[in-house]
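[1] With the sequence up front, the predicted model follows.
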Amino acid sequence: MAMAAKSVCSNFCSLNPNLGFFEFKPSISRTQNTQIRSAKRSVRTGKRRYPSEKKKLERVEKTLIDAKATNKEEGFWRLSKLEVSVDKDLGKDEIGVSDGVLEAIAKVLEFPVASLLPPEAFTVVRKSFDARKRLKEPKFVYTVDVDVRKLLDLQPRAWDFIHRLEPKVGLIEHMPNKAVSGDLISIIHDCKREIVNQMGARPSQQKNHVKESYKFTSTKKPKIAVVGSGPSGLFASLVLAELGAEVTLIERGQPVEKRGRDIGALVVRRMLQSESNFCFGEGGAGTWSDGKLVTRIGRNSDGVVTVLKTLVHFGAPRNILVDGKPHLGTDRLVPLLRNFRQHLQELGVTIRFGTRVDELLVENAKVVGVKVSDTKSDLLFDNQKLDFDAVVLAVGHSARDVYRMLHSNNVELVPKDFSVGLRIEHPQELINRIQYSTLANEVCKGRGKVPVADYKVVKYVDEEGTDANSRENSRSCYSFCMCPGGQVVLTSTNPSELCINGMSFSRRASRWANAALVVTISWKDFDSLGFHGPLAGVEFQREFERRAALMGGGNFVVPVQKHLLIYSILALVVDAPPSSYRLGVKSAELHDLYPNHITEALQNSISMFDRELPGFISEEALLHGVETRTSAPVQIPRNTDTYESTSLEGLYPIGEGAGYAGGIISAAVDGLYAGFAVAKNLNLYTGSIESILGKPMKNTGFVKY
């Protein structure tokens with residue numbers, strides 16, 4: 001969707017006066033202009049090529065080599081980018097092979113009569129909706145696998161058309177054997193049988209079932225603590241428990257049932273539970289969110305597919321395996337987490353809710369346990385010491401007390417880039433019209449043929465007037481965590497600090513659409529405010545969360561500003577504009593919130609967003625402050641292969657809070673691989689996870705989705 005954009009001056013007066021949103025306050029110390037550019041395409045060669053570009057080149061070379069030796073009548077053909085118009089499609093919720101899909105397949109095969117093709121021979125692998133402006137009309141786009149043997153058995157006349165089919169990179173691909181990966185439980189069950197053969201253990205006299213009990217006579221079960229029940233902690237616990245470890249899952253928050261009641265008390269009666277809220281509790285911060293399952297670590301990688309299939313095993317709809325932008329919504333995440341919990345308990349996992357880890361027990365530079373306390377009690381004698389052979393640290397990005405505790409134990413922490421900004425809200429109908437034009441009527445509050453419209457925009461701000469592709473001298477301004485048909489929610493964990501996020505339910509039926517508009521920041525920004533050391537990013541977040549709380553006047557009221565402001569005095573209206581945020585909003589001058597360079601970057605980027613999405617700047621749009629917890633502000637260095645902390649033996653930092661993920665799926669994948677790594681370190685597993693799931697995709701924890 002991105003388009004090239006010309007540079008614009010940061011001086012507010014040079015912008016169209018109808019397109020501004022902050023009052024411009026000139027900075028005497030700033031003499032250089034800010035320029036905005038879109039990302040530019042450039043030819044990269046050799047080591048400068050992105051991994052995706054290298055992979056594409058390898059595929060081209062492989063296609064040319066394999067084309068001659070291809071046995072076209074065996075295996076599968078994968079047909080990609082099959083376009084089906086909306087009027088010929090069954091709609092976003094249907095993932096079967098419709099007549100429209102058969103017509104698209106017949107066009108690629110050059111088969112004369114689409115209705116004669118047997119639907120049973122085709123499997124939909126991916127289905128997405130493309131409404132980009134370059135298209136004459138929005139279309140559903142499919143990726144379909146053709147089972148050649150089944151096709152020829154059911155339609156022998158297709159033989160000649162298959163015989164003439166030639167591979168085309170990105171469009172037509174031949175696969176001698178279709179890659180099949182199961183859910184994590186099935187995969188581990190296969191690993192168990194391998195372990196039994198290697199260690200000489202014998203299974204108990206039970207049926208060959210996923211919950212079969214195995215007795216390992218050579219070693220005793222290692223005791224492992226998993227701290228945090230977010231996606232990474234849950235998947236690490238599942239792997240370790242299935243492979244025979246004695247796992248204790250420690251969660252400071254409450255199970256989803258109790259957590260839901262605590263969040264209800266917050267929204268209705270303004271009662272914030274510091275340990276059970278939108279950030280803390282079973283499932284992590286992603287539970288009360290949009291439940292996005294999109295990721296930038298490889299949508300087709302075996303690790304991602306395994307996580308998605310595991311979610312389906314625990315109750316997620318099968319559509320997430322096919323949807324181009326899969327999401328669950330809070331209403332589907334809650335029962336899924338209950339099923340996940342029940343399975344862990346059946347495996348013997350001890351789950352301790354309402355338990356906070358206050359300290360690591362360290363002997364001879366090695367973790368030997370943890371000191372915990374009851375989060376419902378303020379009594380010091382409630383502290384308890386628990387011994388473990390290893391501690392898997394799977395906390396979220398809001399566990400600031402854990403960061404301080406690690407720092408006091410001399411665990412290495414590295415400040416990490418993240419993003420801050422504001423959350424913007426529009427009427428969903430407006431976003432539908434911007435993206436779909438006349439097709440907006442097909443949305444029907446999430447129950448129509450086409451999905452509720454969303455958007456994703458990215459621009460680059462170059463403060464020095466140099467090449468915007470240089471990460472060193474540019475800032476990325478982008479939309480983050482867009483929630484169509486959702487609402488703005490409070491994610492504060494401290495009454496004196498105010499931060500927000502977005503969430504939505506599975507149908508995305510709300511009348512509002514919201515997304516964060518954020519700017520990347522780094523250690524230079526921390527230094528400018530006098531924050532230094534490994535926890536500088538944490539203090540940077542808290543500074544602006546406190547400012548937002550003061551602007552709102554307390555009591556969790558959020559400061560807001562209308563989008564079309566020419567003079568700041570117009571912000572001081574008596575009646576605050578409507579918002580989905582349920583705890584109240586107060587009109588404020590948000591240009592006083594962030595430093596000038598962040599404010600100017602947001603101001604100018606929004607005008608550029610409006611060029612891509614005409615109507616984005618609107619009297620109906622409302623900015624909310626602040627969004628600061630886009631990702632973890634620190635990273636805990638770890639060994640690439642063993643996942644063990646480089647500074648403390650026996651500690652395994654994983655997931656988003658450790659700086660290695662950015663979203664539900666990437667965190668779950670990190671927990672999956674980490675679980676196998678810990679099991680291997682403790683002699684529970686001697687094989688290679690890469691032989692099963694391939695190499696893990698690199699993830700810096702700074703993810704834009």
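    Ah, there it is. Residues are numbered from 1 along each chain as shown.

[2] So which residues of the stretch 351-500 of the chain form strands?
    Secondary structure of the stretch 351-500 of the chain (DSSP state E, counting those that start in this stretch): strands located at 355-363, 366-374, 384-387, 390-393, 414-415, 418-427, 458-462, 474-483, 486-490, 500-504.

[3] and the first one, which residues are buried?
    Going back to what we said before, that points to strand 355-363. Thr355, Arg356, Val357, Leu360, Leu361, Val362 (16 or more other C-beta atoms under 10 Å). Using the backbone N, CA and C atoms, a C-beta is placed for each residue, glycine as well.

[4] just the third one next, same as before
    The neighbour-count check on strand 384-387 (16+ other C-beta under 10 Å) flags Leu386 as buried.

[5] what about the strands of the stretch 351-500 of the chain, which gets the closest to Val678?
    Judged by C-beta to C-beta, the one of the strands of the stretch 351-500 of the chain that comes nearest to Val678 is strand 390-393, at 6.0 Å.

[6] so how far is the closest one from its chain's centroid?
    Centroid separation between strand 390-393 and its chain, computed with C-alpha atoms, centre = their mean, to the nearest Å, is 23 Å.

[7] Just checking: what are the partner strands of it?
    The pairing partners recorded for strand 390-393 under DSSP bridges are strand 223-227 (parallel), strand 651-653 (parallel).

[8] can you list contacts of that strand?
    222, 224-228, 233, 236, 240, 360, 367, 369-370, 402, 636, 650-654, 657-658, 674-675, 678, 681-682 (C-beta atoms under 8 Å, 6 or more residues apart in numbering).

[9] avg pLDDT for it?
    For strand 390-393, the mean per-residue pLDDT is 98.

[10] Return that strand as PDB; C-alpha atoms alone will do.
    Provided in PDB are the C-alpha atoms of strand 390-393 (Å, rounded to 0.1, in the frame of the first residue of the first chain):
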ATOM      1  CA  ALA A 390      16.300 -24.200  35.800                       C
ATOM      2  CA  VAL A 391      14.200 -21.100  35.500                       C
ATOM      3  CA  VAL A 392      12.600 -20.100  32.300                       C
ATOM      4  CA  LEU A 393      11.800 -16.400  32.400                       C
END
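
[11] hang on, the earlier thing: among the strands of the stretch 351-500 of the chain, which is the most enclosed?
    strand 390-393 (a mean of 28; mean count of other C-beta atoms under 10 Å).

[12] Out of the strands of the stretch 351-500 of the chain, which is closest to Thr630?
    strand 418-427 (4.5 Å).

[13] Could you tell me how far the closest one lies from the centre of the chain?
    Worked out by C-alpha atoms, centre = their mean, strand 418-427 lies 16 Å from the chain centre.

[14] Which other helices and strands does that strand contact?
    In terms of contacts (3 or more C-beta pairs under 8 Å, 6 or more residues apart in numbering; DSSP states H and E), strand 418-427 is packed against strand 474-483, strand 500-504, strand 512-521, helix 536-552, helix 596-612, strand 622-627.

[15] Each with direction, which strands does the shortest one pair with?
    When you say that, I think you mean strand 500-504. strand 486-490 (antiparallel).

[16] angle of the partner strand against strand 512-521?
    For strand 486-490 against strand 512-521, the angle by axes from the mean of the first three to the mean of the last three C-alpha atoms, to 10 degrees is 50 degrees.

[17] Give me the mean pLDDT for strand 486-490.
    Averaging pLDDT along strand 486-490 gives 97.

[18] Need the residues that contact that strand.
    Defining contact as C-beta under 8 Å, 6+ apart, one finds that strand 486-490 is touched by 266-267, 278, 288, 290, 423, 425, 498-505, 508, 510, 512-514, 556, 558, 579-583, 624.

[19] Dump that strand to CSV, restricted to CA.
    This file holds the C-alpha atoms of strand 486-490, laid out as CSV (Å, rounded to 0.1, in the frame of the first residue of the first chain):
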residue,chain,number,x,y,z
GLY,A,486,-12.5,-2.4,18.4
GLN,A,487,-12.0,-0.2,21.4
VAL,A,488,-9.3,1.7,23.3
VAL,A,489,-8.5,0.2,26.6
LEU,A,490,-6.3,1.0,29.7
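
[20] Could you check the angle the helix or strand containing Leu672 makes with strand 223-227?
    In this assignment (DSSP states H and E), Leu672 forms part of helix 664-681. Angle of helix 664-681 versus strand 223-227, following the same axes, to 10 degrees, is 160 degrees.

[21] how about the helix or strand that helix 664-681 is followed by: buried residues?
    Sequence-wise, the next helix or strand downstream of helix 664-681 (DSSP H and E) is helix 690-693. Buried residues in helix 690-693, defined by neighbour count with 16+ other C-beta under 10 Å: Ile692, Leu693.

[22] quick one: Val489 and Thr686, what's the gap?
    Distance of Val489 to Thr686, computed by C-beta to C-beta, to the nearest Å: 45 Å.

[23] I should have written Ala679 there, sorry.
    With distances taken as C-beta to C-beta, Ala679 is found 9 Å from Thr686.

[24] hang on, His189 is in a helix, isn't it?
    Yes - counting by DSSP: H, G, I helix; E, B strand; the rest coil, His189 is part of a helix.

[25] how many other residues sit next to it?
    Using other C-beta atoms under 10 Å, His189 has 17 neighbouring residues.

[26] now do Gly694
    Per other C-beta under 10 Å, the neighbour tally for Gly694 reads 14.

[27] same deal with Asn319?
    When neighbours are defined as other C-beta under 10 Å, Asn319 has 16 of them.

[28] Where does the prediction get shaky in the stretch 151-300 of the chain?
    Low-confidence segments of the stretch 151-300 of the chain (pLDDT under 70): 194-219.

[29] Let's see that with 50 instead.
    Within the stretch 151-300 of the chain, the segments meeting pLDDT under 50 span 201-218.

[30] what about the strands in it?
    In the stretch 151-300 of the chain, strands defined by DSSP E, counting those that start in this stretch lie at 172-175, 202-203, 214-215, 223-227, 246-251, listed in chain order.

[31] Which one, of those strands, ends up nearest to Trp159?
    The closest of those to Trp159 is strand 172-175. By C-beta to C-beta, the value is 15.4 Å.

[32] Ala679 and Thr686 - which one has more neighbours?
    Neighbour count, other C-beta under 10 Å: between Ala679 and Thr686, Ala679 has more, with 27 against 12.

[33] what's near enough to touch the more buried one?
    Ala679 makes contacts with Val239, Leu240, Leu243, Ala245, Tyr685, as judged by C-beta under 8 Å, 6+ apart.

[34] Repeat the analysis, applying 10 Å as the threshold.
    188, 191, 195, 222, 224, 236, 239-240, 242-245, 390, 685-687, 689 (C-beta atoms under 10 Å, 6 or more residues apart in numbering).

[35] Buried only: go through these for me.
    For these, a burial check counting by 16+ other C-beta under 10 Å picks out 188, 191, 195, 222, 224, 236, 239-240, 242-245, 390, 685, 689.

[36] so where's the stretch 551-700 of the chain shaky on pLDDT?
    565-573, 700.

[37] again, only using 70
    563-576, 698-700.

[38] Backbone dihedrals for the residue nearest to Gly315 when sequence neighbours are not counted, both of them.
    Distances taken as C-beta to C-beta, 6 or more residues apart in numbering place Leu336 nearest to Gly315, at 4.5 Å, with adjacent residues excluded. Main-chain torsions, Leu336, degrees, to the nearest 10: phi -60, psi -40.

[39] and what of Asp147?
    Residue torsions, per degrees, to the nearest 10, at Asp147 are phi -80, psi 100.

[40] Please consider this matter closed, and thank you.
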